[in-house]
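>>> I need the structure of the sequence given here:
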Amino acid sequence: MTKKRIYYGLFFAGLVAVFLIVLSFIPGFKKQNFPPISTVRPFSFITQNNQPFTEKDLAGKVAVVEYFFTTCKGICPRMNNNMRKVYDAFKNEKDFLILSHTSDPQTDTPARLKQYADSMGVNTKNWVFLTGRKDSLYNMARFSYKIDDPKNNVASIDDDFLHSQFMALVNKKGEVTKIYDGLKPSEIAEMKVEISKLLNQ
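Numbering: from 1, shown residues only. The predicted model follows:
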């Protein structure tokens with residue numbers, strides 16, 4: 001009985017191996033192309049250097065996108081401490097960007113964002129801080145980057161507030177490929193691996 005079980009086990013293992021070998025010859029099996037989560041829509045914001053920044057500046061770049069605000073005492077400092085690890089790993093990559101949008105454009109003027117960037121000691125060619133119209137910023141977060149539920153929109157933009165811990169990874173084609181939890185070191189590590197892959201594509 002034991003010999004029969006071993007025989008059947010080997011037989012089925014062989015079938016599985018043959019099946020996988022056959023599949024490997026099917027075009028596209030090894031590299032499955034999953035559809036992107038979304039595509040970055042046209043936008044126009046202002047950087048910490050008081051310069052315009054649009055989707056054209058994002059073209060051909062791999063980018064990590066987040067939302068924060070400079071007066072935040074809760075999750076934002078933790079998120080940006082984790083983001084700093086991403087920045088340190090890829091700051092010399094010419095095709096890499098970090099885009100930090102403010103959730104509080106009324107407070108976070110370009111000058112205030114510049115002060116914040118300077119306090120972090122980062123090169124703002126690689127790490128760009130953005131402000132603009134509140135409704136435009138929030139629509140990008142919810143409809144382009146998918147880091148907040150669109151259902152969170154409220155009737156009055158003045159009463160709306162976005163506070164998300166999630167980060168979006170954008171490939172060189174302007175497609176959002178994955179969303180990561182910016183508070184989890186394990187997901188930050190996973191994101192760094194994926195960034196390396198996207199930069200080499």
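>>> for the rest of this, base every contact and every neighbour count on C-alpha atoms.
OK.
>>> in this structure, which helix or strand is least confident?
The least trusted helix or strand in the chain, going by mean pLDDT, DSSP states H and E, turns out to be helix 2-24, with a mean of 47.
>>> helices or strands up against the helix or strand just after that one?
Counting by DSSP states H and E, the element after helix 2-24 in chain order, helix or strand, is strand 38-39. When contacts are defined as 3 or more CA pairs under 8 Å, 6 or more residues apart in numbering; DSSP states H and E, strand 38-39 sits against strand 175-181.
>>> tell me the average confidence for the strand it packs on?
Taken as a whole, strand 175-181 has a mean pLDDT of 96.
>>> could you list the buried residues of the following helix or strand past it?
Along the chain past strand 175-181, the next helix or strand (assigned with DSSP H and E) turns out to be helix 185-199. Going by neighbour count (16 or more other CA atoms under 10 Å), the buried part of helix 185-199 is I188, M191, K192, I195, L198, L199.
>>> how far away from the center of its chain is helix 185-199?
Its chain's C-alpha centre and that of helix 185-199 lie 10 Å apart, by CA atoms, centre = their mean, to the nearest Å.
>>> quick check: which ranges of this structure have low pLDDT?
The model of the chain has pLDDT under 70 over residues 1-35, 154-155.
>>> and it, what are its domains?
Split into domains by automatic domain parsing, the chain comes to 1-33, 38-199.
>>> quickly compare the ones you listed and say which is most buried.
The highest average neighbour count among these, using mean count of other CA atoms under 10 Å, belongs to domain 38-199 at a mean of 18.
>>> now do the same end-to-end measure for that domain.
19 Å (CA to CA, to the nearest Å).
>>> for the closest residue to P52 other than its chain neighbours, helix, strand, or coil?
Spatial nearest neighbour of P52, excluding adjacent residues (CA to CA, 6 or more residues apart in numbering): I46 at 4.6 Å. Following DSSP: H, G, I helix; E, B strand; the rest coil, I46 is assigned to strand.
>>> so what sits opposite I46 in the bridge?
Following DSSP bridges, I46 is listed with bridge partners P52, T131.
>>> ok, L113 to W127 distance?
For L113, the distance to W127 (CA to CA) stands at 11 Å.
>>> return the residues in contact with the residue nearest to P52.
Counting by CA atoms under 8 Å, 6 or more residues apart in numbering, I46 touches P52, F53, P110, L130, T131, G132.
>>> tabulate those residues (a markdown table), appending distance to K151.
Shown next, in a markdown table, are the contacts of I46 (distance: CA to CA, whole Å):
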| residue | distance to K151 |
| --- | --- |
| P52 | 29 |
| F53 | 27 |
| P110 | 29 |
| L130 | 24 |
| T131 | 22 |
| G132 | 22 |
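>>> pick out the most distant pair among these.
F53 and P110 (12.2 Å; CA to CA).
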